[in-house]
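Trainee: Take this sequence and fold it.
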Amino acid sequence: MIILNLLKLVVKPLWSFSHRKLIAVSFCMDLTQRKDLITFVLGRMYDFHVYDLVEVGIENFRGMESFDYDKKIAPKEGSKPFMAFIGEGFESVNELKQLKEVLLDLFRGEVVENLNLAGVDRAYVCTALSPTKVFFTHCALRLKKFGTVVPRMELVEVGPSMDMVIRRHRPPNESVMKEAMKTSRDKPKKKEKNVKKDPLQGKIGNVYIPDQKIGEMVLPNKSKGVKRERREAKQQKHGSDEHASKKQKDESS
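Mentor: Numbering: from 1, shown residues only. Sure thing, here's the model as predicted:
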């Protein structure tokens, strides 16, 4: 996520957004011009295109210093949070559904396969108060023994907390959304040659080895095998010559 001050960029995201100024997937832009009217624009990018935008106003803000809690359970920096969305509006109202998706992308952090329960120490709780208003609060998780292997979790509000009022929103473009939702399964697979699938043996393939032409291979003249064959041939020839000479002597005598 990247946080930018809109006044320094001199761009209006809901009208003419300068997408080349951002290199992040998710962003939060400050539109506040008066202290009593805090406004942010939350958005997502895809392939240097604005995917969607949500403009929210902040009301009833309470900072972390206004909450009294045991500092030992304070969440650690960089820990992965839980996200809880309470209310049917997050499934039925388009504005709330879009805000839910944007918040999930902003706070989900690094995608991991396994999660250590002892390292989870925070949760973001979003409660739908109306079709355009959400109560957002940050809570620490306290683990307590519950008589089972899985401990009991308690939420302790540590702040900040605020009311997020949706003022304007721009849903994703259909063409950009279709392109962003593509997965590897949607892409056409290349046809594999000489491969077939069997329900029992699984994937079976044929491997074709070119003719190696062993008969045309040149063997070295000084190989041990050739020397041994020549030596044996000479011994046989010498033995046959001695036998023939003895036979001639016997006949002459």
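Trainee: How much space separates the nearest residue to Lys133 once chain neighbours are set aside from Pro151?
Mentor: Once flanking residues are discounted, Lys133 sits nearest to Val165: 5.3 Å by Cβ to Cβ, 6 or more residues apart in numbering. (Glycine included, C-beta is placed from N, CA and C.) Distance from Val165 to Pro151, counting by Cβ to Cβ, to the nearest Å: 36 Å.
Trainee: is it true that Asp163 touches Ile38?
Mentor: No. Asp163 is not in contact with Ile38 according to Cβ atoms under 8 Å; the separation is 10.7 Å.
Trainee: Walk me through which strands the host helix or strand of Ser161 pairs with, and which way each runs.
Mentor: Ser161 belongs to strand 152-170 when assigned by DSSP states H and E. Sheet pairing of strand 152-170 (DSSP bridges) gives strand 49-62 (antiparallel), strand 133-144 (antiparallel).
Trainee: how about these, which one is nearest Gly89?
Mentor: Smallest distance to Gly89 across these (Cβ to Cβ): 8.5 Å, for strand 133-144.
Trainee: Give the buried residues for that closest one.
Mentor: 133-142 (16 or more other Cβ atoms under 10 Å).
Trainee: So what touches the following helix or strand past the strand holding Ser161?
Mentor: Moving toward the C-terminus from strand 152-170, the next helix or strand (DSSP H and E) is helix 174-180. If you take Cβ atoms under 8 Å, 6 or more residues apart in numbering as the criterion, helix 174-180 is touched by 46-47, 49, 51, 172.
Trainee: Now helix 174-180 - C-alpha only, PDB.
Mentor: Taking C-alpha atoms only, helix 174-180 is exported to PDB below (Å, rounded to 0.1, in the frame of the first residue of the first chain):
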ATOM      1  CA  GLU A 174     -15.900  -4.500 -16.900                       C
ATOM      2  CA  SER A 175     -13.000  -5.000 -19.300                       C
ATOM      3  CA  VAL A 176     -10.300  -4.300 -16.700                       C
ATOM      4  CA  MET A 177     -12.100  -6.500 -14.200                       C
ATOM      5  CA  LYS A 178     -12.300  -9.400 -16.700                       C
ATOM      6  CA  GLU A 179      -8.600  -9.100 -17.400                       C
ATOM      7  CA  ALA A 180      -7.700  -8.900 -13.700                       C
END
